[in-house]
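[1] what's the 3D shape of this:
(one chain, ligands or ions: 2)
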Amino acid sequence: MPDESPSNSSSALIERALTGDRRSVARLISMVEDGGAELGDAMGLLYPHTGSAYSLGITGAPGAGKSSLTDRLVARARTDGLKVGVLAIDPTSPFSGGALLGDRVRMQGHATDPEVFIRSMATRGHLGGLSLAAPEAVRVLDATGNDIVIIETVGVGQAEVEITDACDSTLVVLNPGWGDAVQAAKAGLMEIADIYVVNKADRPGAKDTVRELRAMINMNEGPWKPPIVETVAVKNEGIDELWEAVEKHRAFQEENGLLEARRRRRVEHEIKEIVAERYRQRVETEAHEKLAHLTNEVCARRMDPYEAATELIASL
Ligand SMILES: Nc1nc2c(ncn2[C@@H]2O[C@H](COP(=O)(O)OP(=O)(O)OP(=O)(O)O)[C@@H](O)[C@H]2O)c(=O)[nH]1
Ligand SMILES: [Mg+2]
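    Residues are numbered from 1 along each chain as shown. Ligands and ions are numbered 1, 2, ... in the order given. The predicted model follows:
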């Protein structure tokens, strides 16, 4: 489309994506990764078509079995005739890493299913980073007709917590073995877990991990007590129970107005992120000289950093 203006090409692309054209959907996700100037337009055109997908975040230590579980959950969702989108996100790498190649292999069974869209994602140029890119990518998959969107994040850190927290239900995957539950607690996963999955339950120590988790959950006083589901992803064991747990959590949130509240919180957070990002950009572009001057003033101790920031904001 060499002759089209950015907004024209965006709307043509979105029209194709809305009819289910997979290459256009993939192109939109690439746009999200790149975070280019045309993204705002594209998101604006997509937004009216969003709101019907239910998103599931899956997080846990490297190798815990997130992709294997995702693969099984996709198969389970397909038996209900649901259309599924999967995003595998690696927050630690700005480019698609080797782990994602493994993901493709593990999810190969769905490669020819037109109702399943699997895509790995990293942020190449998105200024807001993954905290903005992840919800935008979910929005692409939501608008293009997926009933369920699964987001797998590799690793356990603040970025993963943020991404999975942007979902409707968050699954935290652990493995048997002393200390895994403690690690998860340290990583802040206890606050975001809606459902615990003890995967690789075919290995020794699964019951200990469940006990350990139960003790930690019992200390929490939330309205929802996260269930613990034991699974053996490689043998498709516990997947129905896991799916049931997700459905229960969904129903619980819908019945209590919690889903609406959760989505509202997320939108509020997103707006704040966009504002922060715009301000950062404006400081770089419009206030470049002012910033240099204020920096001099602070270095010369004629001003403190707070005063400088106040003056900079006022000048924007
Ligand atoms: N024994 C056993 N092995 C499993 C189970 N689930 C997954 N695995 C194996 O564990 C390894 C890692 O599985 P993945 O599904 O790639 O794990 P992951 O969490 O997606 O890994 P990363 O994306 O690299 O963080 C693979 O070799 C799987 O075959 C299970 O229930 N039992
Ligand atoms: Mg994986």
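[2] following element in sequence after the helix or strand harbouring residue 277, please.
    Per DSSP states H and E: residue 277 is located in helix 258-285. Downstream of helix 258-285, the first helix or strand assigned by DSSP H and E is helix 288-299.
[3] buried set for that following helix?
    Of the residues in helix 288-299, 294, 297, 298 count as buried by neighbour count, 16 or more other CB atoms under 10 Å. C-betas here are computed from N, CA, C, even on glycine.
[4] returning to what we had before: in the helix holding residue 277, which residues are buried?
    By 16+ other CB under 10 Å, the buried positions in helix 258-285 come out as 259, 262, 266, 269, 270, 273, 277, 283.
[5] TSV for these, including pLDDT?
    Listed next are the buried residues of helix 258-285 as TSV, based on pLDDT from 0 to 100:
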residue	pLDDT
259	95
262	92
266	88
269	87
270	87
273	86
277	84
283	91
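[6] closest to ligand 2 among those?
    residue 266 (23.8 Å; CB to the ion).
[7] against residue 116, how distant is that closest one?
    Noted for residue 266: a distance of 25 Å to residue 116, by CB to CB, to the nearest Å.
[8] could you do residue 219 as well?
    39 Å.
[9] more neighbours: those two, which one.
    Using other CB atoms under 10 Å as the criterion, residue 219 and residue 116 rank with residue 116 on top: 21 against 7.
[10] ok, for the more buried one, nearest residue in space, not its chain neighbours?
    Of all residues not flanking residue 116 in the chain, residue 110 sits nearest, at 4.1 Å (CB to CB, 6 or more residues apart in numbering).
[11] what's the answer for residue 22, then?
    residue 117 (6.4 Å).
[12] ok, the one you found touching residue 141?
    Yes: counting by CB atoms under 8 Å, residue 117 touches residue 141, with 6.7 Å between them.
[13] was I right about residue 138 contacting residue 168?
    No: using CB under 8 Å as the test, residue 138 is too far from residue 168 to be in contact (9.7 Å).
[14] what's the overlap in contacts for those two?
    Common contacts of residue 138 and residue 168 (CB atoms under 8 Å, 6 or more residues apart in numbering): residue 55.
[15] so for the two, which sits in the more crowded spot?
    Applying other CB under 10 Å to residue 138 and residue 168 shows that residue 138 carries more neighbours, namely 26 against 23.
[16] from residue 299, how far off is the more buried one?
    According to CB to CB, residue 138 stands 43 Å off from residue 299.
[17] so who does the residue in the stretch 201-316 of the chain that ligand 2 sits nearest to touch?
    Closest to ligand 2 within the stretch 201-316 of the chain is residue 233: 10.9 Å, counting by CB to the ion. For residue 233, the contacting residues are 65, 68, 69, 71, 72, 199, 200, 239, by CB under 8 Å, 6+ apart.
[18] and it, its phi and psi?
    Phi and psi for residue 233, reported as degrees, to the nearest 10, are phi -60, psi -40.
[19] and it, how far from ligand 1?
    4 Å (CB to the nearest ligand atom, to the nearest Å).
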